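> can't give you the sequence, but here's the structure:
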């Protein structure tokens, strides 16, 4: 169950990071509220996951899901550049996440 919590927490991290961008520095009330709610949900689920998973693994996976997810969302939704170097770097993050999952005892 800890890995499921962590996966959902990572998805919520992508949501709040996107909301942060769309809130334009917390000047748009709706997006600001969305950002705060999804951030709190993400932190709460991360905390639940950390009951069973090692700190380093849980935090690295959480930030990795957020980073790669925001990267993908930025390309698909916000029209950001998808250079070979950026995609290769994101792929390295994913490989690291897979390595952490495979080497985790929980």
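Received it, and whenever you're ready, just let me know what you need. As the structure is a prediction and not an experimental result, all values here were calculated from the model.
> going forward, measure contacts and count neighbours with C-alpha atoms only.
OK.
> Next up, the contacts around the residue nearest the centre of the chain.
Most central in the chain under Cα atoms, centre = their mean is residue 66, positioned 1.7 Å from the mean C-alpha point. Residues counted as contacts of residue 66 (Cα atoms under 8 Å, 6 or more residues apart in numbering) are 10, 11, 13, 14, 17.
> any chance of these in a markdown table, plus distance to residue 56 and neighbour count?
Listed next are these as a markdown table, based on distance: Cα to Cα, whole Å; neighbours: other Cα atoms under 10 Å:
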| residue | distance to residue 56 | neighbour count |
| --- | --- | --- |
| 10 | 15 | 26 |
| 11 | 19 | 19 |
| 13 | 17 | 28 |
| 14 | 20 | 26 |
| 17 | 21 | 19 |
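> Present those as TSV; the columns should include secondary structure.
Listed next are the contacts of residue 66 as TSV, based on DSSP: H, G, I helix; E, B strand; the rest coil:
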residue	secondary structure
10	helix
11	helix
13	helix
14	helix
17	helix
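> And the worst-scoring helix or strand of the chain on mean pLDDT, what does it pack against?
None of the helices or strands of the chain scores lower by mean pLDDT, DSSP states H and E than helix 84-103, at a mean of 92. If contacts are counted by 3 or more Cα pairs under 8 Å, 6 or more residues apart in numbering; DSSP states H and E, helix 84-103 sits against helix 55-76.
> List the buried residues for the helix it packs on?
Neighbour counts over helix 55-76 (16 or more other Cα atoms under 10 Å) mark 57-59, 61-73 as buried.
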